[in-house]
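Asks: Have a look at this prediction, sequence included:
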Amino acid sequence: GESRGSPQQLAERYADLAASHSEALRQREEREWHNARLRQENARLRLENRRLRRENRCLFRQALLGPGPDKPPAEPGEEAEALRAQLGRLQEKHRRALRHLRRCRAAGGPEASAAEEGELEELLLEEEEQQLDK
């Protein structure tokens with residue numbers, strides 16, 4: 001039979017294949033590490049999102065019910081200004097969370113469940129509509 005190359009050429013090809021394989025393994029480990037980090041960040045953001053939703057419900061309830069019996073009623077102007085400032089802070093947190101989600105999605109982060117994808121799409125659409133209304 002025909003020779004497929006000298007022992008030197010075969011050794012070089014084998015070395016190239018081994019180097020390619022090592023590089024592929026390194027890249028896979030790097031992707032897995034990056035995905036694990038993104039999953040951790042995603043879990044942290046979900047917890048933060050739940051906390052913010054609870055806080056929002058509580059604040060909304062307080063705004064509807066008014067001050068408690070031990071608190072004197074706030075001046076309407078002061079209360080409105082405080083609520084506007086709080087709303088601004090919450091909207092900024094919301095914008096930052098959406099930007100982060102976009103970056104994670106663009107970086108090829110872990111696949112989200114269909115429910116999470118739907119929720120993200122809904123949030124992104126809401127934000128776009130708000131930007132158009134401004």
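Replies: Yep, that arrived.
Asks: What's the local residue count around residue 104?
Replies: Residue 104 has 18 neighbours, counted by other C-beta atoms under 10 Å. Placement of C-beta: from N, CA and C, glycine included.
Asks: Setting aside sequence neighbours, what's the nearest residue to it?
Replies: In this structure, residue 104 finds its nearest non-sequential neighbour in residue 38, 5.7 Å apart by C-beta to C-beta, 6 or more residues apart in numbering.
Asks: Who are the packing partners of the top helix by length along the chain?
Replies: In the chain, assigned by DSSP state H, the helix with the most residues is helix 7-65. Helix 7-65 sits against helix 76-106, with contacts defined as 3 or more C-beta pairs under 8 Å, 6 or more residues apart in numbering; DSSP states H and E.
Asks: other SSEs contacting the helix it packs on?
Replies: Secondary-structure packing of helix 76-106 (3+ C-beta pairs under 8 Å, 6+ apart): helix 7-65, helix 114-133.
Asks: okay, the angle between the longest one and helix 76-106?
Replies: Here the directions of helix 7-65 and helix 76-106 differ by 160 degrees (axes from the mean of the first three to the mean of the last three C-alpha atoms, to 10 degrees).
Asks: Tell me how far residue 41 lies from residue 29.
Replies: Distance, residue 41 to residue 29, by C-beta to C-beta, to the nearest Å: 19 Å.
Asks: And these two? Which one has more around it.
Replies: The residue with more neighbours, out of residue 41 and residue 29, is residue 41; 13 against 10, by other C-beta under 10 Å.
Asks: tell me the pLDDT at the nearest residue to the more buried one once chain neighbours are set aside?
Replies: Distances taken as C-beta to C-beta, 6+ apart place residue 104 nearest to residue 41, at 7.2 Å, with adjacent residues excluded. Listed pLDDT for residue 104 reads 81.
Asks: pLDDT weak spots in the chain?
Replies: Where the chain drops to pLDDT under 70, the residues are 1-3, 67-74, 109-121, 124, 127-128, 130-131, 134.
Asks: Tell me how it divides into domains.
Replies: 7-65, 85-110+119-133 (the TED database).
Asks: Columns distance to residue 77 on top of these, output as CSV?
Replies: Output for the domains of the chain, formatted as CSV (distance: least, C-beta to C-beta, whole Å):
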stretch, distance to residue 77
domain 7-65, 15
domain 85-110+119-133, 13
